[in-house]
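K.L.:
here is the input, now give the coordinates:
(one chain, ligands or ions: 3)
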Amino acid sequence: DKDLGTDLAKVLIPEDRLRAKVGELAAQIDADYEGKDLLLVGVLKGAVMIMADLARELHAPASMDWMAVSSYGSGTKSSGVVRILKDLDTDILGRHVLIVEDIIDSGLTLSWLVSNLRMRDPASLEICALLRKPEAVKTEIDCRYLGFDIPNEFVVGYGLDYDEKYRNLPFVGTLAPHVYGGDGA
Ligand code: PRP
Ligand code: MN
Ligand code: MG
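P.N.:
Ligands and ions are numbered 1, 2, ... in the order given. A predicted model of the protein is given here:
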């Protein structure tokens, strides 16, 4: 196991719970897309771990493509304006597309992405997200496959970063407030 060090407050979702949940989601997806040609669209970089694990749990063959997006400006995401850093290599016209995300926080990234991809006329468009925060209720995102609803805490690991760090943790943990300057640190 990786050393928790002093940066992490606690393990929120350990590896075995992640693995079990990803297996459940994969089974649902396999059933729903039986006989269909599925295209998984991972959102870089946070979705790398869930994408890799989910894809390996699927029994049916699936294609994989990636988008990298960034919310405009620095710091805040409140505008909901997103720009594409890397677009899909695939033309999704008439394809069955499943967006794979690590987390729905404010929901702005996914609501933008869904409307962007919908304009490309896929045969179907659904979302699989590992985590969802309470804020997300403000945006009406229809997440067909959800792993966990989590409290409004600063989470890292299993793809999720703070300042590009901690993505490689094999579990989802909460960050100690001193790391991001909270709690009077
Ligand atoms: C994070 C996360 C989601 C998004 C969720 O990505 O991976 O993609 O924010 O936030 P929202 O629901 O409030 O839009 P980020 O923009 O940090 O890029 P990253 O995946 O490269 O870390
Ligand atoms: Mn992301
Ligand atoms: Mg990030």
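K.L.:
now the strands: where do they sit in this structure?
P.N.:
Counting by DSSP state E, the chain has these strands, from start to end: 8-13, 38-44, 62-71, 82-86, 96-104, 124-132, 145-149, 155-156, 172-175.
K.L.:
report how many residues lie close to the nearest residue to residue 6 once chain neighbours are set aside.
P.N.:
Nearest in space to residue 6, with sequence neighbours left out and distances taken as CB to CB, 6 or more residues apart in numbering, is residue 176 at 6.6 Å. All C-beta spots, glycine's among them, are computed from the backbone N, C-alpha and C. Residues contacting residue 176 under the criterion other CB atoms under 10 Å number 18.
K.L.:
list the residues that contact residue 176.
P.N.:
Going by CB atoms under 8 Å, 6 or more residues apart in numbering, residue 176 touches 6-9.
K.L.:
check what pLDDT the closest residue to ligand 1 within the chain gets.
P.N.:
At 2.7 Å from ligand 1, residue 46 is the closest residue in the chain, using CB to the nearest ligand atom. The confidence metric pLDDT takes the value 97 at residue 46.
K.L.:
and residue 163, by the same measure?
P.N.:
In this model, residue 163 is scored at 93, pLDDT.
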